[in-house]
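S.K.: 3D, please:
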Amino acid sequence: MRSIYQTILEQIRSGSKTVLATVVNTTGSTPQKPGSSALFGEHGLLAGTVGGGMIEGEIQHIAESVLISGASDHFYFNLDSDQGDKGAICGGEAGVLVDADPSLHLAALEGLEHALSISAEGFLLTVVSQKYDQGRSIRRYWINSARSEDLPTGMDQAFKEVVESHLKQALRYGFTKIDLQILPAHQVKMAFLEHIKPMPHLVIVGGGHVGKALAHLGTLLEFEVSVVDDRPEYASREHIPDADHLVVNEIGKALHELEPGTNTYIVIVTRGHSYDGEALRACIGSEAAFIGMIGSKHKVEIMKKQFLEEGWATPEQWSAIHTPIGLPIGSQTVQEIAISIAAQLVKVRSRKKEAYGE
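M.R.: Next comes the predicted model:
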């Protein structure tokens, strides 16, 4: 897990105070959609974004005040360009929930952490109530699945049924605000669900120059990054500090043990033809969302012929391989090659999200 929630847990465990801001509703054109979050500490922004520019600047000022007051609240922002030089030009409106003390939700966040550590998914339920004195009271719950038996205990039954009716919607759209209109007298003023799932897993086979550059980009693009190499000096924290996981092992064996699934993106950039072939044999025909291999057109044709003649792959399995890897942007340098591969990964990931209606 590498997300804003991991950063929150790290801050809680270090004893640092933080404020979490989440866009909960928007109308018109806005820089970020509902569900976007930013975490602020005593020295400013720590992780995430609620849109940058004017709105993020204002939220940061609010966070500084909230760190002192300890009062959570819900704020509205008008992003109309008619507000003068300091106004935004989006023309929409946004509501942002500011949570003054995320440490109060430690149990829910640890439940989320555990689920992601075993590659499971679930839902984070946030419930907002009006406080008698000022501000808002915020409670968060971790829900392991969409099954009714996994909903939090001790919750008002009518509200529980409303939450359950929104789980499938959250499963599809990720962030879902819960419609409370059928509970007009209920004390809950706002509630929303976030579908939390493991980040896509980028497996980079080969810790050379391209692998190192791609590991950095993969981290920025919100992949969980593993680098595989049979040379300890190349699959090391000193050489590739951006990787989440470093695997030193025989290449084919390492890929078999990683068990590529539908959320796995494999990039083969080893130091030679034979190692590329070993990696490809270990994953071709798997359920991986993406398999790509670096190489010239000549090299690819030689390898294709060998794989088909030896029966290591069917024509259909070979046609699913992205090789030569990367979008055609005229890349020449190591960094340009890594960017072209990263762009192709984002393209495939986006198409997958669209296919699932995300």
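
S.K.: Run through the residues that contact the residue of the chain positioned farthest from its centre.
M.R.: In the chain, counting by CA atoms, centre = their mean, residue 309 sits farthest out from the average C-alpha position, at 40.3 Å. Listed by CB atoms under 8 Å, 6 or more residues apart in numbering, the contact set of residue 309 is empty. C-betas here are computed from N, CA, C, even on glycine.

S.K.: Looking at it now. What's its pLDDT?
M.R.: You'll see residue 309 listed with a pLDDT of 95.

S.K.: go on, residue 338?
M.R.: 97.

S.K.: Mind giving me the packing neighbours of the lengthiest helix in the chain?
M.R.: Criterion DSSP state H: the longest helix present in the chain is helix 334-355. Where contact means 3 or more CB pairs under 8 Å, 6 or more residues apart in numbering; DSSP states H and E, helix 334-355 is packed against helix 209-220, strand 264-268, strand 290-293.

S.K.: Which positions within whichever strand or helix holds the residue farthest from the centre of the chain qualify as buried?
M.R.: Following DSSP states H and E, one finds residue 309 within helix 297-310. Neighbour counts over helix 297-310 (16 or more other CB atoms under 10 Å) mark 300, 303-304, 307 as buried.

S.K.: next one: stretch 320-339
M.R.: So for stretch 320-339, counting by 16+ other CB under 10 Å, buried means 321-323, 325-326, 331, 337-339.

S.K.: Which one of those residues is nearest to residue 26?
M.R.: Nearest to residue 26 among the buried residues of stretch 320-339 is residue 339, at 31.0 Å by CB to CB.

S.K.: which stretches of the stretch 251-358 of the chain have low pLDDT?
M.R.: Applying pLDDT under 70 to the stretch 251-358 of the chain flags residues 356-358.

S.K.: How about the stretch 51-200 of the chain?
M.R.: 80-91, 132-133, 182-187.

S.K.: quick one on the thing from earlier: Serialize the buried residues of helix 297-310 to JSON lines and add fields for distance to residue 158.
M.R.: Formatted as JSON lines, these follow (distance: CB to CB, whole Å):
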{"residue": "300", "distance to residue 158": "61"}
{"residue": "303", "distance to residue 158": "62"}
{"residue": "304", "distance to residue 158": "61"}
{"residue": "307", "distance to residue 158": "60"}
